[in-house]
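> return a 3D structure for these sequence lines:
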Amino acid sequence: MADPQIPDDIFTEPDDVSPDTLANLGPLRRLAGVWEGRGGVDINPKAEGPERREYTERITLQPIDAQANGPQLFYGLRYHTRILATDEAATFHDQVGYWLWEPATGLVLQSLAIPRGQVAIASGQAAADATRLVLCATRGQTEYGICSTTFLEQAFRTDSYRIEVVFNADGSWSYVLDTILLVHGRAEPFHHRDQNTLIKVAEPKPNPLIQS
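Next comes the predicted model:
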């Protein structure tokens, strides 16, 4: 039986696409811009037990032109996150990806890639005026899942990923990441947690189409 959400015409793209991404991002509009946070905390697994690291973060989220999969339409932000542990000069964590919003359904997506051989797509649902977002990805899912290198799959298997974003009254936003790992040689799953609050340091640039 065909999925009732899939229309008979899967090829025709919408003809009412707005050139102004920033005006059509729904709950993601509050993420647009350049942000910094200096109170990050990371709990990660080490041989001797959990390690707590403090970090600073800079994340850039810039609007892209609207994207269509046939009749499915997304407005979104391209992002880059760079994180530094407070006691090191080298990059502690680097990540790129997209935040996407489907106005027709309330679907919110985060795609992410890290330069240690891992990618994921997390999904959630939200209203256009939502003040809280929750997105999840699960290992083994073919729609909103996680894909890792052989080493990571065997040594630090990621079974699930969850991000909660809260938009604060002062214009900042906070997140909590909970990534459940199965570490080689250990029976109990490990909750790898990250959290931070970001403050805007620069406004976003308009997407390319509206600048042309």
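> now do the helices in this structure.
Using DSSP state H, the helices found in the chain span residues 150-155, 208-211.
> how far away is the residue lying closest to Leu198 once chain neighbours are set aside from Pro208?
Using C-beta to C-beta, 6 or more residues apart in numbering and skipping residues adjacent in sequence, the residue nearest Leu198 is Trp35, 3.8 Å away. C-beta here means a position set from N, CA and C on the backbone, and glycine is covered the same way. Separation of Trp35 from Pro208 (C-beta to C-beta, to the nearest Å) stands at 21 Å.
> and those two? which has more neighbours close in?
Trp35 (22 against 13; other C-beta atoms under 10 Å).
> from Asn196, how far out is the more buried one?
Using C-beta to C-beta, one gets 10 Å for the distance from Trp35 to Asn196.
> once you drop chain neighbours, what's closest to Leu73?
Take Leu73 and drop its neighbours on the chain: the residue closest to it by C-beta to C-beta, 6+ apart is Pro14, 5.2 Å away.
> so who does that neighbour touch?
Taking C-beta atoms under 8 Å, 6 or more residues apart in numbering, we find Pro14 in contact with Ala68, Pro71, Leu73.
> just the mean pLDDT for stretch 30-50, thanks.
On average, the pLDDT along stretch 30-50 is 95.
> so where's this structure shaky on pLDDT?
1-4 (pLDDT under 70).
> again, only using 90
1-7, 48-49, 86-90, 212 (pLDDT under 90).
> what's the longest strand in it?
strand 49-69 (DSSP state E).
> in its sheet, what does that one sit against?
Partners of strand 49-69 in the sheet, by DSSP bridges, are strand 33-46 (antiparallel), strand 72-85 (antiparallel).
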